[in-house]
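A.B. asks: need a 3D model of the following:
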Amino acid sequence: METQGGITVQRALELPGLRGGLPEVVAGADRLNRTVRWVHAGEVPNIASLLKGGELLLTTGLGLGTRPAEQRAFVRRLADRGIAALVVELGPRFSRLPSTIVETARTAGLPLVQLHREVPFVSVTEEVHTEIVNGHYTLLRRAEEVHRRCTEALLGGGGIPQVLGILADFTANPVFLETADAQLLYAGGARIGRGVRGPPPGVGGPARSAGDA
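C.D. replies: Numbers count the residues shown, from 1 in each chain. Model (predicted):
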């Protein structure tokens, strides 16, 4: 699954590079739909200060520290930074992630993955970045197609309802057109249906669905 500006953590784990490392999700399994904006690999203790958020961080754990307090602080700083997930390759540093790290990640809501086999981090980075770039390109092409269809609709006299329908198809969500004082004028989208003529709860005034054009 691709998202605007990146791919999900789940998708990254399914790519050959990470999949070859036999990934095991040990925390945050319910948050694998987070968007991976970029991939970064690092081993320094202050790695969080070098990140902007949305990264998939790859490490062997050398910067995690040896004391529980250091490990908790390391994970919390990453969670506060808003990274997408922390991926730790097991090996000389850790044969298995300490419970302190796992529990801190679980409490912070940070997806934490341990790799049971060594993987080339450069290959993982290349694969994920390729997916992200391809996703950007696909989104750009879709945006150009929407622009073309909206232009054709307006030039062909389709008007606002048809344009809203096109936008609803593109976003896979209902689209509403309201006045400045929140009066609903038009509603577009398959979930709304042709019979919708009234506004959502709390909104006054008549409305038309895109199918009424």
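A.B. asks: got the domain ranges for this protein?
C.D. replies: 2-131, 158-212 (automatic domain parsing).
A.B. asks: so of those domains, which one's packed in deepest?
C.D. replies: Highest mean neighbour count of the domains of the chain: domain 2-131, a mean of 18 (counted as mean count of other CB atoms under 10 Å). (Glycine included, C-beta is placed from N, CA and C.)
A.B. asks: quick one: average pLDDT of that domain?
C.D. replies: Domain 2-131 carries an average pLDDT of 94.
A.B. asks: follow-up on the earlier one: of the domains of the chain, which is nearest residue 144?
C.D. replies: domain 158-212 (11.3 Å; CB to CB).
A.B. asks: Three-state assignment for the spatially most distant residue from the centre of the chain, please.
C.D. replies: Taking CA atoms, centre = their mean as the measure, the residue most remote from the mean C-alpha position of the chain is residue 157, 37.2 Å away. Using DSSP: H, G, I helix; E, B strand; the rest coil, the structure places residue 157 in coil.
A.B. asks: looking at it now. What's its pLDDT?
C.D. replies: Reported pLDDT for residue 157: 79.
A.B. asks: distance check, it against residue 165.
C.D. replies: 14 Å (CB to CB, to the nearest Å).
A.B. asks: distance of residue 188 from residue 116?
C.D. replies: For residue 188, the distance to residue 116 - CB to CB - is 49 Å.
A.B. asks: bridge partners for the spatially most central residue of the chain, pull those for me.
C.D. replies: Compute the mean C-alpha point of the chain, and by CA atoms, centre = their mean the closest residue is residue 35, 2.2 Å away. Here residue 35 sits in beta bridges with residue 8, going by DSSP bridges.
A.B. asks: so it touches residue 12, yeah?
C.D. replies: No - between residue 35 and residue 12 there is no contact under CB atoms under 8 Å: 10.1 Å.
A.B. asks: what do the two both touch?
C.D. replies: Counting by CB atoms under 8 Å, 6 or more residues apart in numbering, residue 35 and residue 12 have no contacts in common.
A.B. asks: mind listing the strands for the protein?
C.D. replies: Per DSSP state E, the chain carries strands over the ranges 2-3, 6-8, 23-27, 35-36, 38-41, 55-59, 85-89, 112-115, 175-178, 184-188, 208-209.
A.B. asks: those strands: which one's closest to residue 99?
C.D. replies: strand 23-27 (9.8 Å).
A.B. asks: contacts for that closest one, please.
C.D. replies: Contacts for strand 23-27 (CB under 8 Å, 6+ apart): 13, 32, 87, 97, 102-103, 105-106, 110-116.
A.B. asks: can you pick out the most distant pair from these?
C.D. replies: 13 and 103 (21.4 Å).
A.B. asks: how about a markdown table for the strands of the chain, with distance to residue 69 added?
C.D. replies: Formatted as a markdown table, the strands of the chain follow (distance: least, CB to CB, whole Å):
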| stretch | distance to residue 69 |
| --- | --- |
| strand 2-3 | 35 |
| strand 6-8 | 32 |
| strand 23-27 | 19 |
| strand 35-36 | 29 |
| strand 38-41 | 24 |
| strand 55-59 | 19 |
| strand 85-89 | 18 |
| strand 112-115 | 18 |
| strand 175-178 | 50 |
| strand 184-188 | 55 |
| strand 208-209 | 59 |
